[in-house]
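S.K.: when you get a sec, could you give me coordinates for this:
(chains A, B, C and D)
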There are 2 protein chains.
Amino acid sequence: MNIGEVSRASGLPAKTIRYYEDIGLVTPQRAANGYRTFRDSDLHKLSFLGRARSLGFSIEDCRTLLALYEDRGRASADVKLVAQKHLAGIEQKIAELQQMHATLSHLVHACAGDNRPDCPILADLAAPATAKA
Amino acid sequence: MNIGEVSRASGLPAKTIRYYEDIGLVTPQRAANGYRTFRDSDLHKLSFLGRARSLGFSIEDCRTLLALYEDRGRASADVKLVAQKHLAGIEQKIAELQQMHATLSHLVHACAGDNRPDCPILADLAAPATAKA
DNA sequence: ATAGATGTTCCAGTCACTGGAAGGTCAAGG
DNA sequence: CCTTGACCTTCCAGTGACTGGAACATCTAT
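M.R.: Below is the predicted model:
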C-alpha cells in the first residue's frame, strides 16, 4: 500500500504518517521508486496510534503502549498504569476547565452585552483579588 | 520597578513578562543601564493579562480584551462576544475530555492490572471499530 | 575587591503536527 | 510520444505560549 491508501484506511493524514515514520513509530519499506510501502502490520499500527491519540495519549505514551502491545510477555499492570496516569491528567484538565467555565459563565451572565462600556468581565479581570458576587 | 518586582507582584515569571514585551502586550520603559522600568500601569496590565490567561483566554484574546479595557468608548457587547466564544471553546473541550474519560475509565476498570498479558485496553486500541462492552 | 543576586540578549526546545515550495513518478487519454 | 493530473518525495518554516540555558552586564552588600 502507498501512503494515500493507508491514509484513507487509517484516517490519519499522510503528513502525520510521514511524521510518525520520522519519529520511529512506524517503519514502512520503500519501493524502487522511493515510495513508502506499507504492510498490513503497518496499517494496523497506524490505526492503533490513531485510536490511542484520539483518547488523548501523548506520543510517548503511544510509543510505550505500542511496545507493550507487541510484547507478548507484557503485564497488563504496565498498560493499566499508563492509562491510569493519563486518566488522572484528564481529570485534572476537566477540573481546571470546569473552574474556568464556572467563573466565565458567571461573568458572561452578568454582562449586559449592549453598547455601553460598563462590563463586569473587564472589571473582574482588572481586579483579581477582589471578592465577587 | 524592575522586572523581578513586577514578577513577584503580578505572579508572572520574568521570562513571560519579557515575552509579553516581545509580542507587544506591554511596553516598559528603559533605565540608563538597560534594565526595564515598569510603571504601575504596566503592572496593572500584567496582572490583567495573568488573570485573563488563567481563565484560558488566548494571547490574541488577551490583546483584544486589553484593547477593549483601555477603550473607554467600548461596547460591553464586544467584550461579551469574546468571552462567549471562549466559553463555547471551553465547553467543547470539556465535552471531548469527558468522552475520553468515559472510554478510558471503562477500559481501566476492565483491566485486571496483574502480571498476565491479557489487557482490554490494548484490545480496544487494536480493534477500534469493534463493539465493546 | 568580591560574591551573589539580579538584570540583559539570543538561541534552541517543547508538542504534535501542518502548510507550502520544489520537484519526481505514474496511469490514462489523445 | 506527449501531456495532464493525481500521487509521491524531501526539506524548511510556522503554530502557541512559553521555558531553559548560555554568556555576559550590573547592582548591592560586605
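S.K.: so which bits of the helix or strand that contains residue A:84 are buried?
M.R.: Under the criterion of DSSP states H and E, residue A:84 resides in helix A:76-110. Using 16 or more other Cβ atoms under 10 Å in any protein chain shown as the test for burial, helix A:76-110 gives A:76, A:78-80, A:82-84, A:86-87, A:90, A:93-94, A:97, A:100-101, A:103-104, A:107-108. For the C-beta atoms, the positions are set from N, CA and C on the backbone; glycine is no exception.
S.K.: which strands or helices does it pack on?
M.R.: helix A:59-70, helix A:120-126, helix B:76-110, helix B:120-126 (3 or more Cβ pairs under 8 Å, 6 or more residues apart in numbering or on different chains; DSSP states H and E).
S.K.: hmm, the last one in reach of DNA strand C?
M.R.: No. Under the criterion of Cβ under 7 Å from any atom of the strand, DNA strand C is not reached by helix B:120-126; the shortest gap measures 14.3 Å.
S.K.: which residues of chain A lie near DNA strand D?
M.R.: A:2-5, A:7, A:14, A:18, A:34-36.
S.K.: go again using 10 Å as the cut-off
M.R.: A:1-8, A:14-15, A:17-19, A:21-22, A:28, A:30-31, A:33-38 (Cβ under 10 Å from any atom of the strand).
S.K.: so where does the residue of chain A found nearest DNA strand D fall, helix or strand?
M.R.: Closest to DNA strand D within chain A is residue A:4: 2.7 Å, counting by Cβ to the nearest atom of the strand. Assigned by DSSP H and E, residue A:4 belongs to helix A:3-10.
S.K.: which SSE is immediately downstream of that helix?
M.R.: In N-to-C order, the element after helix A:3-10 by DSSP H and E is helix A:14-22.
S.K.: got the angle for that next one vs helix A:3-10?
M.R.: Here helix A:14-22 points in a direction 100 degrees away from that of helix A:3-10 (axes from the mean of the first three to the mean of the last three Cα atoms, to 10 degrees).
S.K.: what's the average pLDDT for helix A:14-22?
M.R.: The average pLDDT for helix A:14-22 rounds to 97.
S.K.: again, but for stretch A:94-107
M.R.: On average, stretch A:94-107 scores 97.
S.K.: now do that stretch: everything it contacts.
M.R.: For stretch A:94-107, the surrounding residues in contact (Cβ atoms under 8 Å, 6 or more residues apart in numbering or on different chains) are A:120-121, A:124, A:133, B:54-56, B:83, B:86-87, B:90-91, B:93-94, B:97-98, B:101.
S.K.: could I get the contacting residues of the most centrally placed residue in chain A?
M.R.: Geometric centre of chain A, nearest residue: residue A:56, 3.6 Å, by Cα atoms, centre = their mean. Residue A:56 makes contacts with A:86, A:90, B:97, B:100, B:104, as judged by Cβ under 8 Å, 6+ apart.
S.K.: what's the most distant pair in those residues?
M.R.: Greatest spatial distance in the contacts of residue A:56: A:86 and B:97, 11.3 Å, computed using Cβ to Cβ.
S.K.: if I look at the residue of chain A positioned farthest from its centre, what pLDDT would I see?
M.R.: Within chain A, the residue lying farthest from the chain centre (Cα atoms, centre = their mean) is residue A:116, at 41.0 Å. The confidence metric pLDDT takes the value 96 at residue A:116.
S.K.: which SS state does it fall under?
M.R.: Three-state assignment for residue A:116 (DSSP: H, G, I helix; E, B strand; the rest coil): coil.
S.K.: does it touch residue B:73 like I think?
M.R.: No. At 10.0 Å, residue A:116 does not count as touching residue B:73 under the criterion of Cβ atoms under 8 Å.
S.K.: and chain A, which residues reach DNA strand C?
M.R.: A:2, A:12-20, A:22-23, A:25, A:31-35, A:49-50, A:52-54, A:56-63.
S.K.: just give the number of residues close to residue A:68.
M.R.: 19 (other Cβ atoms under 10 Å in any protein chain shown).
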